[in-house]
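1. what would the 3D arrangement of this be:
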Amino acid sequence: MFGMSRRKLRRLIDTDKVKEAIVRAEHMTSGEVRVSVSSFFWGNAHKVADKAFVRMGMANTEHRNGVLIFVVPSRKRFVILGDKGIHEKVGQSFWDDVRDAMSDRFREGDFTGGLVHGITEVGVKLKDHFPYEGEKDVNELPDDVDFGGDD
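-> This is a model prediction of the structure:
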């Protein structure tokens, strides 16, 4: 998987299924979920995920309740970042649970399944702290999978 092109990454992940999972999750919570998939890079995945978080406007939501799942298939790494509004309410165990829900599927090479499962977990867990607001709810961030993660 070393040096994967964006075309190969798009074949590896069923973006329609991931987008459907994001839409379903965002109908449980007012939180915003984004997925960014990056090709290979050298360095720290968490630092690159932090840059993607800023680039994608994740901190620009009204309630500071954005979640970014940043995946680097070629390095078998992923990072889950939540904005401060979420972390203050849910703590580290929330992030650990989501990570664990995704890890097994990723290890088996099922990136789509891992993402769908993780996104679903985020929606279920966030609905208690950031309930869906029905017609008042505004989709503040795009639901498409981002492949511009080469920050």
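2. rest of the way, CA atoms for contacts and neighbours
-> Fine.
3. give me the beta-bridge partners of V71?
-> Beta-bridge pairing for V71 (DSSP bridges): V37, F78.
4. give me the pLDDT for it.
-> Per-residue pLDDT puts V71 at 92.
5. any idea how far it lies from P131?
-> V71 sits 26 Å away from P131, going by Cα to Cα, to the nearest Å.
6. looking at those two, which one has more neighbours?
-> Between V71 and P131, counting by other Cα atoms under 10 Å, V71 is the more crowded of the two (24 against 18).
7. list the residues that contact the nearest residue to I13 once chain neighbours are set aside.
-> Closest residue in space to I13, ignoring its immediate chain neighbours: T112 at 5.1 Å, by Cα to Cα, 6 or more residues apart in numbering. T112 makes contacts with L12, I13, D14, T15, K17, V18, as judged by Cα atoms under 8 Å, 6 or more residues apart in numbering.
8. before we move on, what about T120?
-> For T120, the contact set (Cα under 8 Å, 6+ apart) comprises A21, I22, R24, A25.
9. centre of the chain to the strand or helix carrying it, how far?
-> Using DSSP states H and E, T120 falls within helix 111-126. For helix 111-126, the distance from its own C-alpha centre to the chain's C-alpha centre is 8 Å (Cα atoms, centre = their mean, to the nearest Å).
10. stretch 135-143 now?
-> How far stretch 135-143 lies from its chain's middle: 16 Å, per Cα atoms, centre = their mean.
11. flag every buried residue along that stretch.
-> Buried residues in stretch 135-143, defined by neighbour count with 16 or more other Cα atoms under 10 Å: E140, L141, D143.
12. for K84, see how far away the residue nearest to G134 when sequence neighbours are not counted is.
-> Leaving aside its sequence neighbours, G134 sits nearest to H27 (Cα to Cα, 6+ apart; 7.9 Å). Between H27 and K84 the distance is 21 Å, computed by Cα to Cα.
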